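Chemist: using only what follows, build the 3D model:
(4 chains)
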2 protein chains.
Amino acid sequence: MLNYSTSEENHIKAIFHLQKQDGTVTTNELANELNTKPASITDMMKKLKAKKLVNYQPYQGFRLTNDGNKVALGIIRRHRLWEYFLAEKLKFSWDEVHEVAEDLEHVSNKKLVDKLDEYLGFPRVDPHGDPIPDANGKIETTKKICLTDLPVNTPATVSSVSDQSSEILELLEHKKISIGTKLEIRKKFEFDHSMEIKIRQQAAFNISGQLAKNIFVKYGS
Amino acid sequence: MLNYSTSEENHIKAIFHLQKQDGTVTTNELANELNTKPASITDMMKKLKAKKLVNYQPYQGFRLTNDGNKVALGIIRRHRLWEYFLAEKLKFSWDEVHEVAEDLEHVSNKKLVDKLDEYLGFPRVDPHGDPIPDANGKIETTKKICLTDLPVNTPATVSSVSDQSSEILELLEHKKISIGTKLEIRKKFEFDHSMEIKIRQQAAFNISGQLAKNIFVKYGS
DNA sequence: GAAATTATTTAGTTTTGTCTAAAAATATTT
DNA sequence: AAATATTTTTAGACAAAACTAAATAATTTC
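Modeler: Next comes the predicted model:
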């Protein structure tokens, strides 16, 4: 596996994440995600196309090639392993790990990463509940759904949380909701999209629609 | 504390290390240390002078300012803490840690480094026996001497080893010499600078002059 | 101490990654 | 479908960090 610059890696990673939603990624979407100008994106995409990491015809949007996908999974593996390390070992709080991992993820020494993985006990998800690719780039793809889309009275388990601000962390801690929490919805209120939820051995309580939008669950308990 | 590029940091670190011997560092010495060309050094020194990290008059050699020294100690702190982490936690062998730490040292997040330090239990020396600067940049300066300069029959403790190849590691492991080993010299042989040394509860044995040159000790046991 | 050698600096180029402004292609409106 | 608006690309510029080749300063040698 060749080596890529920090900038190249950041572009690859951004495409990977944006691809999730749509199939392809546009110049403006990328420029926005990376806080650069569209012209810079075009330049970088030409380069990544030349390296066969991205498929791209002018004006047609971008998508990662198989090789590009592998590179992206390597970056994400490093990022999430470091996040796990920071939270688990160094006791960083959940909302601080992302920023630090943004730097550490670019140290791409395979032996380092694999030994870190082993040291951490081969964790399967990072502190936000996102799955960590293994040494071969294999990633768990349990389809998670947004809490707002969970039907009423259906057992589910919190699998990840999208927003990474300290504000949401504070709220989640107060409500005792974290990755792995088993819950079900008792009632949804159309008016403000708030809902009443029930956690085992606790009284039911209310959460706002805005909070629910940032919580993802998988079916089952 | 401002942020410096990887290249700037590498230059600062190189000056710091080369300053040890002589008082000032020359263009050629630096170019040689960093595997670059003298012209590139001149360019970088102008830049570091403008940032008040280096004192420099054309043709007069370089030396770090107080600020430059602080920056260097920060880099060395990060380097040695990561080395300790790699050896102690990830079980890298002694001769592998330097290279990996060369990359990790440039991630200069103060909170990360201080929490890492705490997690490791505030180690005072790295796996080669070199002292680790504390969060304030204070560094232990026990004057260590080369084993070749240790007088005969004088108790001493191995404090560091300079060469970092796997070959020397293999030899040291075989001879059961490591950081902290207490020993004394029984006899020095002028002819090839080899010497007979004695470790407590072991039979005396011989080491070559070349090996002795790479072992540093401090007085006492 | 003049000549030769060595070290250092200057001048001009290259590559990477970004930018702005203008041009071209695509999408949207009416 | 023509006009307008938006998106994307091109063209040209700039800063960082390196380089080569040539010029200049310092040092060494005879």
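
Chemist: can you tell me how far the most centrally placed residue in chain A is from residue B:93?
Modeler: Centroid-nearest residue in chain A, with CA atoms, centre = their mean: residue A:130, separated by 5.3 Å. From residue A:130 across to residue B:93, the span is 33 Å (CB to CB, to the nearest Å). (Glycine included, C-beta is placed from N, CA and C.)

Chemist: where's the nearest residue to the residue nearest to the centre of chain A once chain neighbours are set aside, which helix or strand?
Modeler: Nearest non-adjacent residue to residue A:130, counting by CB to CB, 6 or more residues apart in numbering or on different chains: residue A:160, 5.5 Å away. Secondary structure assignment for residue A:160, by DSSP states H and E: strand A:156-161.

Chemist: buried set for the helix or strand following that strand?
Modeler: Toward the C-terminus, strand A:156-161 is succeeded by helix A:166-174 as the next helix or strand (DSSP H and E). Neighbour counts over helix A:166-174 (16 or more other CB atoms under 10 Å in any protein chain shown) mark A:168, A:169, A:171, A:172 as buried.

Chemist: for those residues, which two are the farthest from each other?
Modeler: A:169 and A:171 (7.3 Å; CB to CB).

Chemist: chain A against DNA strand C: which residues are in contact?
Modeler: Residues of chain A lying near DNA strand C by CB under 7 Å from any atom of the strand: A:5-8, A:11, A:35-37, A:39-40, A:43-44, A:47, A:59.

Chemist: show me what contacts residue A:172?
Modeler: For residue A:172, the contact set (CB atoms under 8 Å, 6 or more residues apart in numbering or on different chains) comprises A:161, A:178, A:211.

Chemist: wait, the second one touches residue A:157, no?
Modeler: No - with contacts counted by CB atoms under 8 Å, residue A:178 stays clear of residue A:157, the gap being 10.8 Å.

Chemist: between those two, which one's more packed in?
Modeler: residue A:157 (17 against 14; other CB atoms under 10 Å in any protein chain shown).

Chemist: in the sheet, who's paired with the more buried one?
Modeler: Note on residue A:157: beta-bridge partners by DSSP bridges are residue A:182, residue A:218.

Chemist: which residues does residue A:83 contact?
Modeler: Residue A:83 neighbours (CB under 8 Å, 6+ apart): A:97, A:98, A:101, A:126, A:127, A:128.

Chemist: same thing but 6 Å
Modeler: A:97, A:101, A:126, A:127 (CB atoms under 6 Å, 6 or more residues apart in numbering or on different chains).

Chemist: hang on, the earlier thing: can I get the buried residues of helix A:166-174 in CSV with pLDDT and distance to residue B:207?
Modeler: Below are the buried residues of helix A:166-174 laid out as CSV (pLDDT from 0 to 100; distance: CB to CB, whole Å):
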residue, pLDDT, distance to residue B:207
A:168, 89, 61
A:169, 87, 57
A:171, 92, 64
A:172, 91, 61
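
Chemist: and the strands in chain A?
Modeler: Along chain A, counting by DSSP state E, strands occupy A:54-56, A:62-64, A:145-146, A:156-161, A:182-188, A:195-199, A:205-207, A:215-219.

Chemist: next, format those as JSON lines and append distance to residue A:72 and mean pLDDT.
Modeler: JSON lines is the format used below for those (distance: least, CB to CB, whole Å; pLDDT from 0 to 100):
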{"stretch": "strand A:54-56", "distance to residue A:72": "10", "mean pLDDT": "96"}
{"stretch": "strand A:62-64", "distance to residue A:72": "6", "mean pLDDT": "96"}
{"stretch": "strand A:145-146", "distance to residue A:72": "23", "mean pLDDT": "92"}
{"stretch": "strand A:156-161", "distance to residue A:72": "18", "mean pLDDT": "90"}
{"stretch": "strand A:182-188", "distance to residue A:72": "32", "mean pLDDT": "94"}
{"stretch": "strand A:195-199", "distance to residue A:72": "34", "mean pLDDT": "95"}
{"stretch": "strand A:205-207", "distance to residue A:72": "33", "mean pLDDT": "95"}
{"stretch": "strand A:215-219", "distance to residue A:72": "20", "mean pLDDT": "91"}
